[in-house]
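Undergrad: have a look at this fold, sequence not included:
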């Protein structure tokens, strides 16, 4: 049985959002490189999590050539408020 989708950010999603909040916008490669400085992470994992963040409404993507560039749709304080209300 599939797990229910959570509107609250998971720990891994929070790490990705921190990169987006810091950078303003970033490609999947940019996020992977930033996260890999502290612990190894796979490109495909970051890609999947960014798609989930877009589905949840936390990030948006635009196409630039062959790459997708993601940007945050909500601020850190909005994310914190949502987490507390959940």
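TA: Alright, I've got the coordinates. What you see is a predicted model, and the numbers here were worked out from it, not measured in a lab.
Undergrad: check which residues of stretch 35-51 are buried.
TA: Buried residues in stretch 35-51, counted by 16 or more other C-beta atoms under 10 Å: 35, 41, 46, 47, 49, 50. All C-beta atoms are positioned from the backbone trio N, CA, C, and that covers glycine.
Undergrad: and these, which is closest to residue 25?
TA: Ranked by distance to residue 25 (C-beta to C-beta), these are led by residue 50 at 11.5 Å.
Undergrad: how close does the residue nearest to that closest one when sequence neighbours are not counted get to residue 85?
TA: For residue 50, ignoring the flanking residues on the chain, the nearest one in space by C-beta to C-beta, 6 or more residues apart in numbering is residue 70 at 5.2 Å. From residue 70 across to residue 85, the span is 24 Å (C-beta to C-beta, to the nearest Å).
Undergrad: of these two, who's got more company?
TA: Between residue 70 and residue 85, counted using other C-beta atoms under 10 Å, residue 70 has the larger neighbour count: 28 against 8.
Undergrad: settle this for me: the more buried one is touching residue 27, isn't it.
TA: Yes: with contact defined as C-beta atoms under 8 Å, residue 70 reaches residue 27; the gap is 7.4 Å.
Undergrad: just the ones of the buried residues of stretch 35-51 in helices?
TA: The members of those that map onto helices under DSSP state H are 35, 46, 47, 49, 50.
Undergrad: greatest separation within those: which pair is it?
TA: The distance between the two most remote of those (C-beta to C-beta) is 12.2 Å, for 35 and 47.
Undergrad: do a quick rundown of the strands in the protein.
TA: Under the criterion DSSP state E, strands of the chain are mapped to 26-27, 59-64, 67-72.
Undergrad: before we move on, the earlier item: let me have the buried residues of stretch 35-51 in a markdown table, extended by pLDDT and distance to residue 66.
TA: Below are those laid out as a markdown table (pLDDT from 0 to 100; distance: C-beta to C-beta, whole Å):
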| residue | pLDDT | distance to residue 66 |
| --- | --- | --- |
| 35 | 96 | 21 |
| 41 | 96 | 21 |
| 46 | 97 | 16 |
| 47 | 96 | 13 |
| 49 | 96 | 20 |
| 50 | 97 | 15 |
